[in-house]
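>>> build the 3D model from these lines:
(chains A, B and C)
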Amino acid sequence: MDQSICINLAVERVNTSVPTREQPCKLFTPGEIIFLQSDFMRGHGTYPEDDVLKASVAGVVEQIGKLISVKPLKNRYNGEVGDVVVGRIIEVTQKRWKVDTNSRLDSILLLSSVNLPGGELRRRSVEDEQMMRKYLIEGDLVSAEVQSIFADGSLSLHTRSFTYGKLSQGILVKVYPALVKRSKTHFHNLPCGASIILGKNGFIWISPTVSDANSSGGFTQNLDQKVLKGDREVIARLRNCILALAASKIPLYSTSILYAYEESEKYQLAELLNPESMLDIAILTQQKIQMMEDF
Amino acid sequence: MYSILFSDAEKTYIWDGVELNLRNDGRKRNDYRPMELETDVVTHASGSARLRLANTDILVGVKAEIDVPYPEAPNVGKIEFFVDCSANATPAFEGRGGEDLANEISSALLKAYDVLPLNNLCIVPGFSCWKLYVDILILECGGNLYDSVSLAVKSALYNTRIPNVKGTYIDGTNVDLQLSDDLFECWKLDVSKAPCFVTLCKIGEYLVVDPTVEEEACSTASIVVSVGENGSITGIFKIGEGSFHQNAICDAIKLAGTIGNELNKTLKLALEKEENLGIRRERYGFLK
Amino acid sequence: MDLVSSQGLRIDGRRPNELRKIRCKLGVFSQPEGSAYLEQGNTKVLAAVYGPHQTKGSRSKAIHDAAIVNCQYSMATFSTNERKRRPRGDLKSTEMTLHLKQAMQASIKTDLYPYSQIDIYLEVLQADGGNYCACVNAATLALIDAGIPLKEYVIACSASLGNGDVPLIDVSHLEETMGGSNLTVAVLPLSGQIAVLEMSQKFHIDHLPVVLNEALNGCRRIYEILDEYVKTHLNEIGTIAGWAKSDF
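Numbering: from 1, shown residues only, chains lettered A, B, ... in the order given. You can find the predicted model right below:
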């Protein structure tokens, strides 16, 4: 009988922050004045009052032209058109699915925004409406793209591309949306042998790599095919690495995840749950990223 | 309990993983996630402990108050368990939302703690005794509530200091209680007989310990075994709507006995280690 | 017994205008969007913020142009010297919940979140006077941790009168029970707006401005302490996130 039980003491608690050479920067907290004049465009996290622009969240200022916004480290997902997201279906209604994307309101996936099996473009009929539960039901995960933003701020999603659609077997990891770095692609087939979807909303999907030319962006789930132990080890390791990076607030993108994966190989899989080894991986990854930046 | 939405594919993935003895976070079926323990965190209580298992967070405070023993048991003290599911853990617990779960856990504790000897909690037989109020606060749920609650309760009881009180009869019937002159003169409860819960969660045809929230959602039934010192079984409860086969139960109990024994030993070591740091050790609590 | 000794010290050794030691931490839990732990002397509270999310329950509750702010105040049964029988649901905590909501609504920019709901849950772990103040301050920290837009911090502080004319700030439990009169304010410290004001028992009208002024001073000082902590905390964890790579 082998089992592992480990009880640490609070006095041994590790501090998850990783040393960095970045200079601390100017931070604003709610109510603080950013600019004395108000001829700037106010973005997220700011508000004008008495002709001055003030911060409404705690974070750093971002300036794009005349647009000033304050970016907090942690918040709910603020959707932007074109973002790749991973979401979970929470309700099926007539002509639409409601999707949880970690936004402040439920997102909407319209029946007309999905590619129906068969592929051809046609009007959605009443039969299609009745078939909606065949495609996606409550609890299912989908990858999608933000198509537009409704007036009340909720997001409208679409899956009208082969890359998007229902997700099959794998693991979902949730992190703060701000930790997912924007990049050219959010779909990666990692060389270590797994696929990963980095949803901009902080939902990360890890699954076995499918060698498929026939991924239809469709609604099939292969429940009979068992994922092999080797693949599972890779997926579990990736999951633990992502959580280790997230605990130390290191941005997540394909390179940082791969570095962490390489650094983690000296540990047994289950050891990666220990706070000490998580911190060790985060520190080593951070050092590697900095080294690569210097080249 | 609380439910989470889940797709069939994710469930299948977990089921198959359990079958291959490789769970989603890389653990084997019999592995616990790392825990963190701290005792003596609430100054207003006679004893307290905080246990964090992954992100399940339990805070326990024990208060000793003087009470009158039950007429049918004049020579023993009393113990009461109260579980409060804080809304901090999930909005579903707001108001009275967590009450069912809380009652389920507190009644399980009360039954399992029947084995703890309470004789020395008696001050004057028939007249006065100590009553221990064990108050459990669930601050965050990350799965496996039973095990973590029981570990936290045991640690808090280990940490409990009870003042020295002597009772003397005046004129035969009335009792006068006197607190010892030295206010810091206290005695410690013997918790070596206190049990720990081991939850075995049935996923597919296999049993796993320390299930995560996702794993709990995949399982139809769990069996909670309370294990005392040397692996003796002091109580068994089944939770969840699914069912177990008779043979499966027997295997489960055997397994739980071994694991529970190990759990009790590990906890004891951790508690002693902390005690050896002295009372001047730094309290971390929720800071740092 | 006098609340202020002849040497000018209070029962716990503080000077009349001295705050109790404040210690805090942001982000103690992982499930809520924001969480905070705050200690003011021996009063210890935990705050958790969920949301903004779609209004739960009946859709008619949702407001079309603002977010609903939902609060719950609860005390651990072991938090007081005498064990509490119920953690919440009594009159006192219902009143606390209402006042908390009032204070938080004064600051949260609810107009940004139509049809949504923000849940703020407070749990008092140890009560030693000024529970309401500690709760407001902890809730503010949790809201900041959750990245929810605020007009500014809401800070609460209590004040009382000792020996008949000495204003005392940040009143402890012992002083609350011995002194009697007690003034609690929640303010937006930068603009000086008062969001909640509550006075228990009687004051002479002449003393009110003095006591109120001391309470407001206390709020300003708590604000400085908390703001400094928030900035150090964010710098520590935020710099690494490469989050700060702006040349502002």
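>>> quick one: low-confidence parts of the stretch 101-250 of chain B?
Under the criterion of pLDDT under 70, the regions of the stretch 101-250 of chain B flagged as low confidence span B:172, B:183.
>>> all helices of it, in order?
Counting by DSSP state H, counting those that start in this stretch, the stretch 101-250 of chain B has these helices, from start to end: B:145-159, B:213-218, B:246-276.
>>> can you check chain C too?
For chain C, helices defined by DSSP state H occupy the ranges C:91-105, C:131-145, C:173-179, C:207-238.
>>> what does the stretch 151-295 of chain A give?
Listed in chain order, the helices found in the stretch 151-295 of chain A under DSSP H, counting those that start in this stretch are A:229-247, A:254-264, A:275-294.
>>> for chain B, which of those is the nearest?
helix A:229-247 (4.0 Å; C-beta to the nearest C-beta). For glycine as for every other residue, the C-beta is placed from the backbone atoms N, C-alpha and C.
>>> closest to the centroid, which residue in the chain?
Just so you know, I chose chain A. Ranked by distance to the mean C-alpha position of chain A (C-alpha atoms, centre = their mean), the top residue is residue A:202 at 2.6 Å.
>>> that one is in contact with residue A:181, isn't it?
No: look at residue A:202 against residue A:181 with C-beta atoms under 8 Å: they stay out of range, at 11.7 Å.
>>> picking up where we left off before, mind putting the helices of the stretch 151-295 of chain A in CSV, mean pLDDT, mean neighbour count and distance to chain C included?
Putting the helices of the stretch 151-295 of chain A into CSV (pLDDT from 0 to 100; neighbours: other C-beta atoms under 10 Å in any protein chain shown; distance: least, C-beta to the nearest C-beta, whole Å) gives the following:
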stretch, mean pLDDT, mean neighbour count, distance to chain C
helix A:229-247, 94, 21, 9
helix A:254-264, 94, 21, 10
helix A:275-294, 91, 17, 7
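>>> closest one to residue B:244 among these?
helix A:229-247 (26.9 Å; C-beta to C-beta).
>>> relative to helix A:275-294, how tilted is the closest one?
80 degrees (axes from the mean of the first three to the mean of the last three C-alpha atoms, to 10 degrees).
>>> what helices and strands are in contact with helix A:229-247?
On a contact count with 3 or more C-beta pairs under 8 Å, 6 or more residues apart in numbering or on different chains; DSSP states H and E, helix A:229-247 meets strand A:171-174, strand A:194-198, strand A:203-208, helix A:254-264, helix A:275-294.
>>> how far off strand A:203-208 does it point, in degrees?
160 degrees.
>>> for residue A:276, give me its contacts.
Residue A:276 is in contact with residue A:14, counting by C-beta atoms under 8 Å, 6 or more residues apart in numbering or on different chains.
>>> quick check: residue A:44 touching residue A:69?
Yes: with contact defined as C-beta under 8 Å, residue A:44 reaches residue A:69; the gap is 4.6 Å.
>>> hmm, back to that, please report how far the residue nearest to the centre of chain A lies from chain B.
Look at residue A:202 and chain B: by C-beta to the nearest C-beta, to the nearest Å, they are 16 Å apart.
>>> excluding chain neighbours, what is closest to that residue?
With C-beta to C-beta, 6 or more residues apart in numbering or on different chains as the criterion, residue A:202 has its nearest non-adjacent residue at 3.8 Å, and that residue is residue A:177.
>>> the one you found and residue A:198 touch, don't they?
No: using C-beta under 8 Å, residue A:177 makes no contact with residue A:198, being 10.7 Å away.
>>> so which of those two has more stuff around it?
Looking at residue A:177 and residue A:198 with other C-beta atoms under 10 Å in any protein chain shown, you find the greater number of neighbours at residue A:198, namely 27 against 23.
>>> that one contacts residue A:182, doesn't it?
No: no contact is recorded between residue A:198 and residue A:182 when judged using C-beta under 8 Å, the distance being 9.5 Å.
>>> enumerate the positions of the helix or strand bottoming out on mean pLDDT in chain C that are buried.
In chain C, no helix or strand scores lower on mean pLDDT, DSSP states H and E than helix C:173-179, which sits at a mean of 87. When neighbours are counted by 16 or more other C-beta atoms under 10 Å in any protein chain shown, the buried residues of helix C:173-179 are found to be C:173, C:175, C:176, C:179.
>>> without its sequence neighbours, what residue ends up closest to the residue positioned nearest the centre of chain C?
Among the residues of chain C, the one closest to the centroid is residue C:136, at 1.9 Å (C-alpha atoms, centre = their mean). If the residues on either side of it in the chain are set aside, residue C:136 comes closest to residue C:156, at 3.8 Å by C-beta to C-beta, 6+ apart.
>>> so for that neighbour, what's the pLDDT?
Per-residue pLDDT puts residue C:156 at 97.
>>> now chain C against chain B: closest residue?
Taking C-beta to the nearest C-beta, chain C has residue C:78 as its residue nearest chain B, at 2.9 Å.
>>> give me phi/psi at that residue?
Backbone geometry at residue C:78, expressed as degrees, to the nearest 10, gives phi -100, psi 10.
>>> that one against residue B:61, yeah?
Yes: distance between residue C:78 and residue B:61: 2.9 Å, which falls inside the contact criterion (C-beta under 8 Å).
>>> buried stuff in whatever helix or strand residue B:100 lives in?
When secondary structure is defined by DSSP states H and E, residue B:100 falls within helix B:99-112. Neighbour-count burial for helix B:99-112, with 16+ other C-beta under 10 Å as criterion, is recorded at B:101, B:102, B:104, B:105, B:106, B:108, B:109, B:112.
>>> low pLDDT regions in the stretch 1-150 of chain A?
Ranges of the stretch 1-150 of chain A meeting pLDDT under 70: A:1-2, A:38, A:117-121.
>>> repeat that for chain C.
C:1, C:57-59, C:239-248.
>>> apply 50 and report the result again.
Counting by pLDDT under 50, the low-confidence segments of chain C come to C:244, C:246-248.
>>> how about the residues of it by chain B?
Selection of chain C residues close to chain B by C-beta under 8 Å from any C-beta of the partner chain yields C:23-25, C:28-32, C:35, C:37, C:39, C:42, C:44, C:46-48, C:50, C:56, C:70, C:72, C:74, C:76-81, C:83, C:87-89, C:119, C:121, C:123, C:125-127.
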